[in-house]
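A.B. asks: Have a look; sequence and predicted model below, questions after that.
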Amino acid sequence: MPLIKNGQIADDTWQVLEDDAPLPEQGDVIVALERFLAEIDQIRTRSGRTGIAIENTVDPQEVTAHLDDLDLIALDFPAFTDGRAYSQARQLRTKQGYTGELRATGNVLADQAGFLLQVGFDAFEVAADQSLDVWNKAANSMALAYQRGYGGTQKTRDKLQAARPLANTSNCALAVEQSLPI
Amino acid sequence: MYRYDEFDTTFVRQRVDQFRDQVNRRVSGELTEEQFRPLRLMNGLYLQLHAYMLRVAVPYGTLNAAQMRKLAFIADKYDKGYGHFTTRQNIQYNWPKLPDVPDILDHLADVEMHAIQTSGNCIRNVTADQWSGAAADEVEDPRPYAELMRQWSSLHPEFSFLPRKFKIAVTGAQADRAAIAYHDIGLRLKKNGSDEIGFEVLVGGGMGRTPMIAARIRDWLPKQELLAYLEAIMRVYNLHGRRDNKYKARIKILVHELGAEEFTSQVEEEYTRIDAPRVMPPAQELERIAAYFAPPAFDDLQDDSPKFMQHEEEDAAFAQWVERNVAAHKQRGYAIVNVSLKPVGGVPGDASSDQMRAVADLAEQLSLDEIRVTHEQNLVLPHVRKQDLYRLWQELKKHELADANIGLATDIIACPGLDYCALATARSIPISQDISNRLGDIARQREIGDLKIKISGCINACGHHHAGHIGILGLEKRGQEYYQITLGGSGDERASVGEIIGPGFSSETVTDAVETIVDTYVGLRQNGETFIEAYRRVGPDPFKEAVYAAH
Ligand code: SF4
């Protein structure tokens, strides 16, 4: 599965660990939540990074105590119309204050890209035939958003209003600069 | 009325461009119909029995003349010269061609309209009391909050893939003309003990195969907290609403299965975790929106207009129309006019492009440029000077818009049914026409009095039959349409779900059954009781006896 981060195809250093595979000392591995909770002591002694995959029926509060041990959380879209992971992401990013990688997995389509970024996802496992151009175009097709307090590149009305006087001043400054003798 | 600023305009135009790109990808074959389906459904485009159907949002049912003229233009250019006003205060076009749809959306954007989220499992167009800003019994105009919710819900990043569609209705009056108890969320502006205005919050009402009256989860919520509190409700639903069975996916089922108390405590708990100041609009934003809904420039008039009273005395037909179609306005000397889209034997909610243009002209001349669409599929001219009523009535008559039947037996709600709808199990429009013809004599209608007949063409209940005093549900068994009758439903402040009276009727006999029910009521009523009052007193038995004895 290709991985998209920051609008680019990214190397995926993470490996999903089967439940019965031994826990390696090194390397970046994604384990299931249950295993993570059960083997937390060993996980803490690893030199590699650890992430978890959680199903969309799990309450993100279950991992609140371990956010410092986590470098990646993968949230699942079993179907792209199943929107539970949007709320999980939102909860992790806001009241839980999670700052590591938040990865969207499963049925992840370009036409969701904008919303995913807004709720705080920053890595996307997409289908092999997903064109990066289509993805980026879809991700940036809306420059504005009405909802306050969400992330993403979209500007809210407040941000736009706050930006406008600034833009004007800087234009003025620019004009002044350009009118100076070269 | 709200006016778009640069932000709103850019937002809607970008959405049109985004959709144009999606349509192009479909037309070129890059997208399959299966891939395109969820995308078009995010923008009000359905594939119906014969063609695409485009549903255009009329935000909280409010239009101005320019917008109505644009709707007429679209009806002429892209449809067959008419449009259909729906029970969610929207308008539907039944015959647009797919490649034309982006252009239609551009035309709509020219007059600050769109089709965003008129379908799909997202927060739908917010509906409101059609008399908002005019009604004499209003605590406060709910439209600024409806507009706030329109903006907040548009392309919501977290709540666009809900378990099921989601409908919010709001009113500012005690009399419930918006059927709030039948919505996923119902909001009512009201005063608390210290005379401050806030929201009463109801959750979990709905029609469909499991009709339910909403539960009250907050008696009073400070107004400015609305969006943060809605976010808590939506998040609990998004995470916990059922997704295994689409018939159990509405929030009413979650509320029912958890119990109202447990549901409420989950919402309140989620609410404590929300960083409300981050989500809530700043006070100046609320003021910015509210300023658009400041009362229009009313003339300072006497309450009574001698001219009006004289016409009322001299012209009985006019007096009858006033009695049924005109309601009290909060401003002295003004009245609210309901324009019936229910001519006897007609299609409920249909309006021709000529009628739309006529209403637009009259709104401009006589109603301070405002028009409303009602959830009962009629139109409203909300701000008419009493002295202009006679002239208005005469003009409406020329366009067959002066039926004096608001709230009477022929003011029927009917969904499109099998004539258009891909989900229908039976026809509803022809049944409505049949009943309307049967009971259509105006003297008879007036003799019968207040009566709400509502017809749905399948269990999805878009015709609100559960809330009908007489509800009719069209079903199908072995290739035959048949019609189930319910009695005693109500969508107002005393909301109730109608009860099935017994075996169904064929399309040939259902009108007879309705007539028998009506005659039975007329026979047993006491002291001017309305149908619903009489039903509440005597229950279903006398009606059952009459109907099943006769058949
Ligand atoms: S009630 Fe059924 S038939 Fe009528 S519009 Fe809704 S889905 Fe279609």
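C.D. replies: Alright, I've got the coordinates. Since the model is a prediction, treat every value here as computed from it, not as a measurement. Numbers count the residues shown, from 1 in each chain, chains lettered A, B, ... in the order given.
A.B. asks: mind listing the strands for the stretch 1-150 of chain B?
C.D. replies: B:45-47, B:52-56, B:62-63, B:82-85, B:91-93, B:127-128 (DSSP state E, counting those that start in this stretch).
A.B. asks: swap in the stretch 451-551 of chain B?
C.D. replies: B:453-456, B:470-477, B:480-487, B:499-500, B:505-506.
A.B. asks: any chance of the ones you listed in TSV, with mean pLDDT, mean neighbour count and distance to chain A too?
C.D. replies: Every C-beta, even on glycine, is put in place using the N, C-alpha and C of the backbone. Listed next are those as TSV, based on pLDDT from 0 to 100; neighbours: other CB atoms under 10 Å in any protein chain shown; distance: least, CB to the nearest CB, whole Å:
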stretch	mean pLDDT	mean neighbour count	distance to chain A
strand B:453-456	98	30	26
strand B:470-477	97	23	28
strand B:480-487	97	21	32
strand B:499-500	96	14	34
strand B:505-506	97	17	39
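A.B. asks: mind putting those strands in CSV, distance to residue B:372 included?
C.D. replies: CSV is the format used below for the strands of the stretch 451-551 of chain B (distance: least, CB to CB, whole Å):
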stretch, distance to residue B:372
strand B:453-456, 20
strand B:470-477, 25
strand B:480-487, 28
strand B:499-500, 32
strand B:505-506, 35
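A.B. asks: Export those as a markdown table, with columns for distance to the ligand.
C.D. replies: As requested, the strands of the stretch 451-551 of chain B are exported to a markdown table (distance: least, CB to the nearest ligand atom, whole Å):
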| stretch | distance to the ligand |
| --- | --- |
| strand B:453-456 | 4 |
| strand B:470-477 | 7 |
| strand B:480-487 | 11 |
| strand B:499-500 | 16 |
| strand B:505-506 | 18 |
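A.B. asks: Out of those strands, the one nearest residue A:120 is which?
C.D. replies: Within the strands of the stretch 451-551 of chain B, the stretch nearest residue A:120 is strand B:453-456; the backing value is 41.4 Å (CB to CB).
A.B. asks: could you say what helices and strands the closest one packs with?
C.D. replies: strand B:413-414, helix B:429-438, strand B:470-477 (3 or more CB pairs under 8 Å, 6 or more residues apart in numbering or on different chains; DSSP states H and E).
A.B. asks: can you redo the ones you listed as TSV with distance to residue B:105?
C.D. replies: Output for the helices and strands packed on strand B:453-456, formatted as TSV (distance: least, CB to CB, whole Å):
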stretch	distance to residue B:105
strand B:413-414	28
helix B:429-438	27
strand B:470-477	32
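A.B. asks: Contact partners for the residue in the stretch 351-500 of chain B positioned nearest to chain A?
C.D. replies: Closest approach between the stretch 351-500 of chain B and chain A, counting by CB to the nearest CB: residue B:423, at 18.3 Å. By CB atoms under 8 Å, 6 or more residues apart in numbering or on different chains, the contact list for residue B:423 reads B:458, B:460.
A.B. asks: A helix includes it, no?
C.D. replies: No: counting by DSSP: H, G, I helix; E, B strand; the rest coil, residue B:423 falls outside a helix, being coil.
A.B. asks: rank the strands of the stretch 1-150 of chain B by pLDDT, which is bottom?
C.D. replies: Among the strands of the stretch 1-150 of chain B, strand B:45-47 has the lowest mean pLDDT, at a mean of 91.
A.B. asks: ok, is it in contact with the ligand or not?
C.D. replies: No: interface with the ligand: strand B:45-47 contributes nothing (CB under 6 Å from any ligand atom), its closest point being 9.8 Å away.
A.B. asks: got the contact list for that strand?
C.D. replies: B:37, B:40, B:52, B:53, B:54, B:55, B:98, B:101, B:115, B:119, B:422.
A.B. asks: Was I right to think the fourth one contacts residue B:92?
C.D. replies: Translated: residue B:53. Yes: with contact defined as CB atoms under 8 Å, residue B:53 counts as touching residue B:92 (5.7 Å).
A.B. asks: quick check, nearest of the contacts of strand B:45-47 to chain A?
C.D. replies: Closest to chain A, out of all of these and judged by CB to the nearest CB, is residue B:37, at 10.4 Å.
A.B. asks: Next, count neighbours for the closest one.
C.D. replies: Neighbour count for residue B:37, taken as other CB atoms under 10 Å in any protein chain shown: 15.
A.B. asks: just the helices in chain A please.
C.D. replies: A:33-38, A:40-45, A:84-93, A:113-119, A:132-139, A:157-179 (DSSP state H).
A.B. asks: quick one on the thing from earlier: let's see if you can find the most crowded of the contacts of strand B:45-47.
C.D. replies: Neighbour max across the contacts of strand B:45-47 (other CB under 10 Å) = residue B:54, 29 neighbours.
A.B. asks: if we look at the sheet, which residues does that residue bridge to?
C.D. replies: residue B:45, residue B:93 (DSSP bridges).
A.B. asks: Next one: it from residue B:85, what distance?
C.D. replies: 14 Å (CB to CB, to the nearest Å).
A.B. asks: Same check on residue B:175?
C.D. replies: Taken as CB to CB, the span from residue B:175 to residue B:85 is 22 Å.
A.B. asks: Show me what the helix or strand harbouring residue B:278 is packed against.
C.D. replies: Following DSSP states H and E, one finds residue B:278 within helix B:276-279. In terms of contacts (3+ CB pairs under 8 Å, 6+ apart), helix B:276-279 is packed against helix B:226-240.
A.B. asks: Say whether chain A is contacted by the helix it packs on.
C.D. replies: Yes: for helix B:226-240, a contact with chain A is found by CB under 8 Å from any CB of the partner chain, at B:235, B:238, B:239.
A.B. asks: Please work out the angle formed by the directions of the helix or strand following that helix and helix B:226-240.
C.D. replies: With elements assigned by DSSP H and E, the helix or strand that comes after helix B:226-240 is helix B:251-258. If you take axes from the mean of the first three to the mean of the last three CA atoms, to 10 degrees, helix B:251-258 sits at 70 degrees to helix B:226-240.
A.B. asks: buried ones in helix B:251-258?
C.D. replies: B:251, B:252, B:253, B:254, B:255, B:256, B:258 (16 or more other CB atoms under 10 Å in any protein chain shown).
A.B. asks: Of those, which is the nearest to the ligand?
C.D. replies: Comparing the buried residues of helix B:251-258 against the ligand with CB to the nearest ligand atom places residue B:252 closest, at 16.7 Å.
A.B. asks: What does the pLDDT read for the closest one?
C.D. replies: Value for residue B:252, per-residue pLDDT: 97.
A.B. asks: Tell me which of residue B:175 and residue B:85 has more neighbours.
C.D. replies: residue B:85 (25 against 14).
A.B. asks: coming back round to it: ok, so of the buried residues of helix B:251-258, who is nearest residue B:409?
C.D. replies: For the buried residues of helix B:251-258, the nearest to residue B:409 is residue B:252 (30.0 Å; CB to CB).
A.B. asks: quick one on the thing from earlier: the ligand is nearest to which of the helices of chain A?
C.D. replies: helix A:84-93 (26.4 Å).
A.B. asks: for the nearest residue to residue A:144 once chain neighbours are set aside, what are its contacts?
C.D. replies: Among residues not flanking residue A:144 along the chain, residue B:11 sits closest, at 4.8 Å (CB to CB, 6 or more residues apart in numbering or on different chains). If you count contacts by CB under 8 Å, 6+ apart, residue B:11 has them with A:142, A:144, A:146, B:154.
A.B. asks: Let me know whether the third one touches residue B:149 as I believe.
C.D. replies: No: contact status for residue A:146 versus residue B:149: not in contact, 10.2 Å apart, counting by CB under 8 Å.
A.B. asks: Look at those two and report which has more neighbours.
C.D. replies: Between residue A:146 and residue B:149, residue B:149 has the larger neighbour count (other CB under 10 Å), namely 24 against 21.
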